[in-house]
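Trainee: Here is my input, please return the structure:
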Amino acid sequence: MISRKFFYPFILLLLLLLSTLNSCRRRMDWIMFRGEQGRGATSNALYPPLGIKWKLHLQISDERTFAFNNSVVRGNTIYFGSTDGNFYALDIESGYMHWVFKTKGAINSIPFADGKNVYFGSNDGKVYAVSRKEGKEVWSFQTDSTVQSTILRYEDSIIFTSDGGSTYFLSPQGEQLFKIPNPVWHYDTFQVYEDVVYFAPGPPSRPHSFGAFDLNQRAYLWILDTAAMQATWYSFPALDGDYLFFATCAYMGQYWSFDYYAFMRKTGEIVWKYTDESQWGDLDLDIRDLFIQNLKLLDYMAPSLWKNLVVYTSGDTMLRAFFSKSGRLAWVRQFDFPTSSSPTIAGNRIYLGLRGDDYSPDGRSPRLVCLSAKNGNLMWEMDLDGALLSAPVIAGKWLIFGTDRNFFYVLEELF
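Mentor: Here you go, the predicted structure:
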């Protein structure tokens, strides 16, 4: 039995130990696009209310940025590129700028960070490897076009795609190993799982296609019939076991047409498809202009996976959750304004952005919203300086994102 004299110090020590263990458990890096297997989710629970740890205004200008794609986090540092042509490394605790690397074009690619370097592409046509510690160029590789894709290191290959050019496979030293022709696709997003690239641009005989490309055989396991899909945008694919999920969008003049898919990832066999149209409520919008804006976001329509659900925002006013095995709607949530980002799920909470300003009759500010993943109920919301562009990244106790007014935010739990 513990005496009263030692009881309270014992309890305080126990609480401190539990807090430390919990902090270590939650301090997880986010080093690649959409997280593990592209699921857009983390087991880290992050519960509102959230407060602003710090925010940084990158450009003192009224000009809005067309994209602010996902950052990556490694250790205590956030890495991201900007349309101002700079690539930034910021301390996650304080916002202190460790270094800035300048390129000759806007940076709209998604970086990747390994133990020594961070890799990213620029609209100057180069892909860079920059040392994480000093921010100095390790090597650069000149491509045949702008590079606005995800960048990924898989084993001993650095993989990326140039717009309407090629998908490249480089050594960690920046030497070309081989490439796949890419005469069509721009803003390419992909992932690699069990030595297969989902999705790689299709062969020259079928340039408007893409499919699953085996890195060992250097051959396609299967190819999607995109001609039958008749879409403009094909989202990033998320994987869960034997299933692959993605969505498409087509501008139809008076509305957008959406198709949500589940495929068998090993065979390309379709499991289910759900077709829907955009919903705008009572808003009077220029949906063509909004559609063009969304196409510059690499995670536009990227799915998030939670338990037996696959969750989508699609740029309209709806959040849709499907049962992943059947494709039946589990629940929907309609907002008063269009969504501005894909979702990210932390624990059992969904985080995403809503537009405001020009899309708001009463001048309502853009918002970050938090919902229950179970049923879509609104849990919490926060006004922002600008619309949140691309899904927030969650690393440990922090939620990280940028806005179209060039603000970079780091939020953390208040309690």
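Trainee: Which stretches in the stretch 201-350 of the chain count as helices?
Mentor: Using DSSP state H, counting those that start in this stretch, the helices of the stretch 201-350 of the chain run over 226-229, 287-294.
Trainee: which of those helices sits most buried?
Mentor: Among the helices of the stretch 201-350 of the chain, helix 287-294 has the highest mean neighbour count (mean count of other C-beta atoms under 10 Å), at a mean of 17. Backbone N, C-alpha and C define where each C-beta goes, glycine included.
Trainee: what helices or strands is that helix leaning on?
Mentor: For helix 287-294, the elements it packs on are strand 243-251, judged by 3 or more C-beta pairs under 8 Å, 6 or more residues apart in numbering; DSSP states H and E.
Trainee: Direction included, what does the strand it packs on pair up with?
Mentor: Partner strands for strand 243-251, per DSSP bridges, with pairing direction: strand 233-234 (antiparallel), strand 238-240 (antiparallel), strand 256-264 (antiparallel).
Trainee: Pro343: how many residues sit nearby?
Mentor: Applying other C-beta atoms under 10 Å, we find 26 other residues in the vicinity of Pro343.
Trainee: before we move on, what about Gln59?
Mentor: Using other C-beta under 10 Å, the number of residues around Gln59 comes to 15.
Trainee: Can you name the residues that contact it?
Mentor: Thr65, Ser82, Asp84, Asn406 (C-beta atoms under 8 Å, 6 or more residues apart in numbering).
Trainee: Can you add mean pLDDT and distance to Leu297 and give the strands paired with strand 243-251 back as CSV?
Mentor: Below are the strands paired with strand 243-251 laid out as CSV (pLDDT from 0 to 100; distance: least, C-beta to C-beta, whole Å):
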stretch, mean pLDDT, distance to Leu297
strand 233-234, 96, 10
strand 238-240, 97, 16
strand 256-264, 98, 15
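Trainee: could the ones you listed go into a markdown table alongside mean neighbour count and distance to Asn108?
Mentor: Listed next are those as a markdown table, based on neighbours: other C-beta atoms under 10 Å; distance: least, C-beta to C-beta, whole Å:
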| stretch | mean neighbour count | distance to Asn108 |
| --- | --- | --- |
| strand 233-234 | 22 | 15 |
| strand 238-240 | 21 | 21 |
| strand 256-264 | 20 | 22 |
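Trainee: closest one to Ile345 among the ones you listed?
Mentor: Closest to Ile345 of the strands paired with strand 243-251 is strand 238-240 (C-beta to C-beta; 11.2 Å).
Trainee: ok, residues contacting that closest one?
Mentor: With C-beta under 8 Å, 6+ apart as the contact definition, strand 238-240 has outside contacts at 34, 37-40, 191, 193, 198, 244-246, 265, 302-305, 310, 324.
Trainee: tell me how far it is from the chain's mean position?
Mentor: On the basis of C-alpha atoms, centre = their mean, to the nearest Å, strand 238-240 sits 14 Å off its chain's mean C-alpha point.
Trainee: and Asn294, which of the strands paired with strand 243-251 is closest to it?
Mentor: From those, taking C-beta to C-beta, the stretch that ends up closest is strand 233-234, at 7.6 Å.
Trainee: hang on, the earlier thing: relative to Leu414, which of the strands paired with strand 243-251 is closest?
Mentor: Per C-beta to C-beta, nearest to Leu414 of those: strand 238-240, 30.6 Å.
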